[in-house]
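Asks: need a structure here:
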Amino acid sequence: MTTNNKNETVTGPLAEGQRWSAARKREVVLRLLRGESVDALSRELSIEIYRLEQWREKALTGIDESLKQRQNDPAQAELNQAMRRIGELTMENELLWERVRKPGPLAKRRSSK
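Replies: Now for the predicted structure:
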């Protein structure tokens with residue numbers, strides 16, 4: 001792969017001082033998952049086999065974790081609703097305190113004693 005747009009990555013050996021970005025690693029892992037030989041990729045990219053295998057394992061772990069997350073978790077939905085309500089009540093409380101502090105019909109009054 002040799003195109004170099006912002007959305008596309010270039011795979012191949014890195015130039016001197018260049019680092020492996022997450023996007024480049026993703027492309028390499030996808031090639032591994034498609035069945036390309038680890039040995040061949042190692043030679044092509046000038047990178048150690050153990051490192052390629054680490055990237056693949058990390059990617060698979062990430063996939064597993066992502067798939068474990070519940071899409072419509074009722075507890076999370078209830079928590080989100082409660083947090084929204086807390087935010088609304090906090091805002092109302094702050095607005096009411098502002099009105100009480102200002103002179104006017106809802107202002108605090110000193111006792112006449």
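
Asks: quick one: the helices in the chain, in order.
Replies: Secondary structure of the chain (DSSP state H): helices at 22-33, 38-45, 49-68, 74-101.

Asks: would you map out the domains in the chain?
Replies: For the chain, automatic domain parsing gives the domain ranges 1-69, 75-113.

Asks: next, Ser37: phi, psi?
Replies: Dihedral pair for Ser37: phi -70, psi 130, per degrees, to the nearest 10.

Asks: and it, how far is that from Arg85?
Replies: Distance, Ser37 to Arg85, by CB to CB, to the nearest Å: 56 Å. Quick note: C-beta positions are derived from backbone N, CA and C, even for glycine.

Asks: picking up where we left off before, out of the helices of the chain, which is closest to Pro13?
Replies: Nearest to Pro13, of all those, is helix 38-45, at 5.8 Å by CB to CB.

Asks: name the residues of the closest one that are buried.
Replies: Leu41, Ser42, Leu45 (16 or more other CB atoms under 10 Å).

Asks: now render these as a markdown table, adding pLDDT and distance to Arg99.
Replies: Putting the buried residues of helix 38-45 into a markdown table (pLDDT from 0 to 100; distance: CB to CB, whole Å) gives the following:
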| residue | pLDDT | distance to Arg99 |
| --- | --- | --- |
| Leu41 | 93 | 68 |
| Ser42 | 92 | 70 |
| Leu45 | 91 | 67 |
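
Asks: just put those residues in JSON lines and tack on distance to Asp64.
Replies: Formatted as JSON lines, the buried residues of helix 38-45 follow (distance: CB to CB, whole Å):
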{"residue": "Leu41", "distance to Asp64": "23"}
{"residue": "Ser42", "distance to Asp64": "25"}
{"residue": "Leu45", "distance to Asp64": "25"}
